[in-house]
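Asks: Could you look at this predicted model? Sequence included:
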Amino acid sequence: MGRVLRRISGLAIGLALAAAPAFAQTPAPTATPAPAPAASAPPSPATPTAATTPAAIAPKAAAPRTVPPQATNAIGAGKPTAAPAATAPGASPGGALTKALGAISSDGRPLSLSLQILILMSLLTVLPSLILMMTSFTRIIIVLSILRQALGLQQTPPNQVLVGLALFLSLFVMRPVVDQINQAAFKPYGAGTISIEDAVGRSGQVLHHFMERQVRQTDLKLFADLGKMPPVATPADIPFSILLPAFVTSELKTAFQIGFLIFLPFLVIDLVVASTLMALGMMMLSPTIISMPFKLLLFVLVDGWALTMGSLANSFNVG
């Protein structure tokens, strides 16, 4: 085995030594000297060479004409190039929200459909709680729920019906406010005359004025003291952080007051029925089953739904 390896290595060394002279004798491409022009035979004037022809010189003279715009602007030759979109001196640069939306929409181009859906779904998780708490919805839904309890009906009308009724009654009550927001904020923003910050600010002012007219001064003073708010010159200067909880507290108090007044006549019917059953010795019979038909009869005879809806709509000072 050792002999075989030595023979193979010797054969490889011999081949390398045999090929070395061939590589040494092959001239390198870069070592080849260029042929020198004959000194005794200058070119004839009648037969110009390619290096002295005007056709070969012309492209070299025309080459400096291709100057980059940056170089032209730097040396002052030619008109300066158009600068990137700059803000006009009299135009408003917009606030943080406008800049953020501009950055998201890629320099003013409309958002893609997927991004619009993403933003809409994100807003839907927050906007309902904010908007419903700043409108008449809270008072209406609580009164309707108390009315259902007073009638002795556990699931009639169902929750979906009560929520839908409260929602549409809230739209009816808030119609003047919605019209003001449409005229003051939505239409100018759609026309492009105001920024989104101005539209949001004007909408907030309209809702602020609506909540001012519904809130109780005692509730407002309570949260102002808790928040250590300094005195304000006008009610319009009250921040939303103070006005909103005071408004919700006032709405809850008003709703319970209305619900108490609605509950009284049905409570009287329950007492009369329970006393009658006790007098007749029917203690095992539930008074609720006997009083429910009388409650429904009374509610229908006095047109209770119209009275309730009318009273709720008139309880708001929208003006």
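Replies: That came in fine, so what should we check first?
Asks: so residue 151 touches residue 266, yeah?
Replies: Yes. Residue 151 is within contact range of residue 266, at 6.5 Å (criterion: C-beta atoms under 8 Å). All C-beta atoms are positioned from the backbone trio N, CA, C, and that covers glycine.
Asks: between the two, what contacts are shared?
Replies: Counting by C-beta atoms under 8 Å, 6 or more residues apart in numbering, the shared contacts of residue 151 and residue 266 are residue 295.
Asks: Tell me which stretches of the stretch 151-300 of the chain form helices.
Replies: Along the stretch 151-300 of the chain, the segments classed as helices by DSSP state H, counting those that start in this stretch run 159-173, 175-181, 187-191, 196-214, 217-226, 240-279, 287-301.
Asks: I'd like those helices as JSON lines, with mean neighbour count appended.
Replies: Output for the helices of the stretch 151-300 of the chain, formatted as JSON lines (neighbours: other C-beta atoms under 10 Å):
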{"stretch": "helix 159-173", "mean neighbour count": "15"}
{"stretch": "helix 175-181", "mean neighbour count": "15"}
{"stretch": "helix 187-191", "mean neighbour count": "13"}
{"stretch": "helix 196-214", "mean neighbour count": "17"}
{"stretch": "helix 217-226", "mean neighbour count": "15"}
{"stretch": "helix 240-279", "mean neighbour count": "16"}
{"stretch": "helix 287-301", "mean neighbour count": "15"}
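Asks: To residue 121, which of those lies closest?
Replies: Closest approach to residue 121 among the helices of the stretch 151-300 of the chain (C-beta to C-beta): helix 196-214, 19.3 Å.
Asks: Check which helices and strands that closest one sits against.
Replies: helix 96-104, helix 175-181, helix 187-191, helix 240-279 (3 or more C-beta pairs under 8 Å, 6 or more residues apart in numbering; DSSP states H and E).
Asks: Which of those sits closest to residue 311?
Replies: Of these, nearest to residue 311 by C-beta to C-beta is helix 240-279, at 7.1 Å.
Asks: ok and the closest one relative to helix 217-226, angle-wise?
Replies: Helix 240-279 runs at 130 degrees relative to helix 217-226, counting by axes from the mean of the first three to the mean of the last three C-alpha atoms, to 10 degrees.
Asks: Report the angle between helix 240-279 and helix 196-214.
Replies: Angle of helix 240-279 versus helix 196-214, following the same axes, to 10 degrees, is 40 degrees.
Asks: Give the rounded mean pLDDT of the helix or strand hosting residue 114.
Replies: For residue 114, the enclosing helix or strand under DSSP states H and E is helix 113-124. In this model, helix 113-124 has a mean pLDDT of 76.
Asks: And the next helix or strand past that helix?
Replies: Sequence order places helix 127-133 as the next helix or strand after helix 113-124, per DSSP H and E.
Asks: Which of the helices and strands packed on helix 196-214 comes out lowest on mean pLDDT?
Replies: Per-stretch mean pLDDT for the helices and strands packed on helix 196-214 is lowest at helix 96-104 (a mean of 55).
Asks: Could you measure from the nearest residue to residue 212 once chain neighbours are set aside over to residue 134?
Replies: The shortest distance from residue 212 to any non-neighbouring residue, by C-beta to C-beta, 6 or more residues apart in numbering, is to residue 235 (5.0 Å). For residue 235, the distance to residue 134 equals 16 Å [C-beta to C-beta, to the nearest Å].
Asks: Equivalent analysis for residue 199, please.
Replies: For residue 199 relative to residue 134 (C-beta to C-beta), the value is 16 Å.
Asks: And for residue 208?
Replies: Residue 208 is 9 Å from residue 134, by C-beta to C-beta.
Asks: before we move on, what about residue 295?
Replies: With distances taken as C-beta to C-beta, residue 295 is found 34 Å from residue 134.
Asks: swap in residue 185?
Replies: Using C-beta to C-beta, residue 185 is found at 15 Å from residue 134.
Asks: Residue 227 now?
Replies: 18 Å.
Asks: Who has more neighbours out of these two?
Replies: Neighbour tally, residue 227 and residue 134, criterion other C-beta atoms under 10 Å: the higher count belongs to residue 134, 21 against 12.
Asks: dump the residue contacts of the residue lying closest to the more buried one once chain neighbours are set aside.
Replies: Using C-beta to C-beta, 6+ apart and skipping the chain neighbours, the partner closest in space to residue 134 is residue 207 (5.3 Å). By C-beta under 8 Å, 6+ apart, the contact list for residue 207 reads 134, 177, 181.
Asks: All set, thanks.
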